[in-house]
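Peer 1: This is a predicted model, with the sequence first.
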Amino acid sequence: MLLSTISVTAIAELTDKEWQAKAVAKYPALGIQGSDLNKRFLAANSERRKTNPNFFVDPKWSLILADELAALSPPAQSNSSARPIFPDLDGKESFFTTATGMGLFCLAAIAVVIALYWKTIKGIVRFACLVWFRLFF
């Protein structure tokens, strides 16, 4: 019970600006000036201020309004033939994102490890051969 009281108090302490930031974080297009969602949000905001000014008493009005607008808009059509992209590559495929590239990269990494530890590997193999020959011959 105490935890729920604390969380309700913490939510109530958020300001209008913080709720607006949450709305933009949830719907990034809302923060882009001139985007469809931004235009619809501004139009709905001015209409709601005329028709229902009590709506703005709740500090999270911006998130509620953004949720309403997002529920009204149809979901974006996805292209079924589109390949997943890596956001850090800005949609460009790189050598390391392909299976061939990853395989060759792993082989190169193994070759580097062998080159760096060749003496140790050679000693272990030599020791294993000695033990094997002494045990079986």
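Peer 2: Thanks, I have it.

Peer 1: how much space between Phe56 and Ala29?
Peer 2: 22 Å (CB to CB, to the nearest Å). Where C-beta positions appear, they are placed from N, C-alpha and C, glycine not excepted.

Peer 1: Under a three-state scheme, what state does Gly34 occupy?
Peer 2: Secondary structure, DSSP: H, G, I helix; E, B strand; the rest coil: Gly34 is coil.

Peer 1: can you pull the pLDDT of it?
Peer 2: The score at Gly34 is 85. That number is its pLDDT.

Peer 1: what about it, how many neighbours?
Peer 2: Look at Gly34: counted by other CB atoms under 10 Å, it has 6 neighbours.

Peer 1: Any chance of the backbone angles for it?
Peer 2: phi 90, psi -10 (degrees, to the nearest 10).

Peer 1: Please report how far it lies from Lys60.
Peer 2: From Gly34 to Lys60 the distance is 25 Å (CB to CB).

Peer 1: cool, and Asp36?
Peer 2: 23 Å.

Peer 1: These two: which has the busier surroundings?
Peer 2: Using other CB under 10 Å as the criterion, Asp36 and Lys60 rank with Lys60 on top: 19 against 11.

Peer 1: quick one, phi/psi of that one?
Peer 2: Residue torsions, per degrees, to the nearest 10, at Lys60 are phi -90, psi 30.

Peer 1: From Lys122, how far off is the nearest residue in space to it that is not next to it in sequence?
Peer 2: Using CB to CB, 6 or more residues apart in numbering and skipping residues adjacent in sequence, the residue nearest Lys60 is Trp19, 4.3 Å away. Separation of Trp19 from Lys122 (CB to CB): 66 Å.

Peer 1: shouldn't Leu30 be in contact with Asp67?
Peer 2: No. With contact defined as CB atoms under 8 Å, Leu30 does not count as touching Asp67 (10.7 Å).

Peer 1: And those two? Which one has more around it.
Peer 2: Set Leu30 next to Asp67 and count neighbours by other CB under 10 Å: Leu30 wins out with 22 against 14.

Peer 1: separation between the more buried one and Tyr117?
Peer 2: 54 Å.

Peer 1: Check the contact between Val24 and Ile32; I expect there is one.
Peer 2: No. Val24 lies out of contact with Ile32 (CB under 8 Å); the separation is 9.2 Å.
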